[in-house]
Every structure is written in structure tokens, then in C-alpha cells.
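Q: the following block contains a protein sequence and its predicted model.
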Amino acid sequence: MPYAVIGFLTLALWVYCLVDIITSPDAGIRHLPKMGWIIVVVLIPTIGALLWLFAGRPIGEPRPASNTRFGEYDRPGRQVASNPDDDEAFLRGLRERAEQQRREARRQQQERDQDPV
């Protein structure tokens, strides 16, 4: 039974380190490139995982968490919608497009009226 617990903990550590390596930014990883750390952790599971935790993991920069910290509309970098009534160029473009569609509809109607089918 104790061997099973130790084996499970080792497996959990190994999987955690692999996921941590894969999700770490390339610029923050120390001593080896990302692929080098993956090879070390896969070939030498327990020692490689411990080496990653103490010697390879990025230090000092907080890693961005998943988008769960922010709501869908509160994400940093998301463009905020503005009031379209305040954007004259947008409204002018809408009016021009609507007028173009009306002209095209009139032209098609005239063609249907003239075509004897």
C-alpha cells in the first residue's frame, strides 16, 4: 500500500511538471529550452521533475491564469463598444450602404417588371 501512494504522488508530480513546462512562457524558462526540460522530465521522472521545480521554473513573473479571473466582457485588451450615435463616420457608412441597397433593389425590381417571362 505505501508503494502505491508513493507511486501515485510521483505520477502526480510528473504530470504537474509536464503541464507546468508546457504552459510556461518560453522567455521565462531558465537553464534549458522548453523541449530540453520536457525531455529531462520524461526520461528522469522524479529527479527531472524536482530539477524543473527548483532550477527551471520561471521566477519573478506572475504567470497569467486562465480567463476565469475576468468575465467575458472584462478581459484586458478587449475592445469596448462605443455608442454608434456618437460615431458620425459609422452612421454615414450605414446610410450610404442602405441607400446602395435600395438602389440595387429598385434596379432588380425594374428588371423583373421589364422581363416578360
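A: Happy to help now that I have it. Numbers count the residues shown, from 1 in each chain.

Q: which stretches of the chain have low pLDDT?
A: Scanning the chain for pLDDT under 70 picks out the ranges 60-81, 116-117.

Q: show me it divided up by domain.
A: 1-59, 85-117 (automatic domain parsing).

Q: residue 24 contacts residue 58, doesn't it?
A: Yes. Counting by C-beta atoms under 8 Å, residue 58 is a contact partner of residue 24 at 5.7 Å. Heads up, the C-betas are built off the backbone N, CA and C, glycines and all.

Q: which one's more surrounded, the two?
A: The residue with more neighbours, out of residue 24 and residue 58, is residue 24; 18 against 15, by other C-beta atoms under 10 Å.

Q: most packed of the domains of the chain?
A: Greatest average neighbour count among the domains of the chain goes to domain 1-59 (a mean of 14), per mean count of other C-beta atoms under 10 Å.

Q: what's in contact with stretch 2-22?
A: Where contact means C-beta atoms under 8 Å, 6 or more residues apart in numbering, the residues beyond stretch 2-22 that reach it are 29, 34, 37-38, 41-42, 45-46, 48-50, 52-53, 56-57.

Q: also stretch 85-94?
A: Contacts for stretch 85-94 (C-beta under 8 Å, 6+ apart): residue 84.

Q: now that stretch, how far from the centre of its chain.
A: How far stretch 85-94 lies from its chain's middle: 32 Å, per C-alpha atoms, centre = their mean, to the nearest Å.

Q: swap in stretch 83-92?
A: Centroid separation for stretch 83-92 versus its chain: 31 Å, with C-alpha atoms, centre = their mean.
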